[in-house]
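Engineer: Build me a model:
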Amino acid sequence: MVSNQRAAPQEPPAARRSEGDRQRRRRLADAASGLVQKIERFRCVIYLSGIHGADTDQHRQECQETAEILGWDVVAVVVEKGSQHSAPPREREGMESALSRLRCGEAGAILTAWRSMISPSVDEYRETVREIEETGGFVYAKRLVSPEETDEAAP
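Structural biologist: The predicted structure is shown next:
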């Protein structure tokens with residue numbers, strides 16, 4: 001049987017947005033309405049580590065192309081080679097440099113070629129990502145594993 005009574009209108013659930021997301025959405029709305037002439041592009045730091053004998057320039061170029069595709073500006077490129085990669089992420093000068101750029105608001109993300117450049121240890125990686133997220137940033141890895149790790153995993 002069909003009822004002729006109308007249900008009380010329901011309000012949509014409130015969206016959970018961070019303060020940074022609200023500011024970004026406000027700037028986009030202002031730009032769309034013509035109130036502002038220029039929108040500031042999202043900024044990132046490219047972080048490359050653990051490249052033993054590999055072509056650093058190739059990985060840097062790939063990350064820069066990814067940033068361009070995503071519409072991001074690159075504010076710094078941090079490259080750590082050799083023994084620095086074997087240290088935990090918090091003890092690396094380059095990682096500390098990238099984190100300080102996130103803390104001061106100069107960048108909003110760390111872009112890397114693959115996840116293991118942050119740390120080959122899953123626990124260290126998660127701890128570092130948690131710290132990055134606490135600053136309001138995030139990690140964007142082009143690939144989850146390096147080509148060498150893919151070759152090792154293959155039967």
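
Engineer: Point out where the chain drops to low pLDDT.
Structural biologist: Along the chain, the model assigns pLDDT under 70 to residues 1-5, 7, 12-15, 36-39, 51-55, 82-86, 144-155.

Engineer: Please enumerate the strands of it.
Structural biologist: Counting by DSSP state E, the chain has strands at residues 42-49, 72-80, 109-114, 138-143.

Engineer: of those, which approaches residue 35 most closely?
Structural biologist: strand 42-49 (20.0 Å; C-beta to C-beta). Every C-beta, even on glycine, is put in place using the N, C-alpha and C of the backbone.

Engineer: which other helices and strands contact the closest one?
Structural biologist: Other helices and strands packing on strand 42-49, by 3 or more C-beta pairs under 8 Å, 6 or more residues apart in numbering; DSSP states H and E, are helix 56-70, strand 72-80, helix 93-103, strand 109-114.

Engineer: Which stretch among these is buried most, on average?
Structural biologist: Compared across these, strand 109-114 shows the largest average neighbour count, a mean of 23 (mean count of other C-beta atoms under 10 Å).

Engineer: From the contact counts, what lies against that strand?
Structural biologist: Checking 3+ C-beta pairs under 8 Å, 6+ apart, strand 109-114 ends up next to strand 42-49, helix 56-70, strand 72-80, helix 93-103, strand 138-143.

Engineer: picking that back up, could the helices and strands packed on strand 42-49 go into TSV alongside distance to residue 128?
Structural biologist: Output for the helices and strands packed on strand 42-49, formatted as TSV (distance: least, C-beta to C-beta, whole Å):
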stretch	distance to residue 128
helix 56-70	18
strand 72-80	14
helix 93-103	7
strand 109-114	9
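
Engineer: and of those, who's closest to residue 40?
Structural biologist: Using C-beta to C-beta, those put strand 72-80 closest to residue 40, at 8.7 Å.

Engineer: could you check the angle strand 109-114 makes with that closest one?
Structural biologist: Calculated by axes from the mean of the first three to the mean of the last three C-alpha atoms, to 10 degrees, strand 72-80 forms an angle of 60 degrees with strand 109-114.
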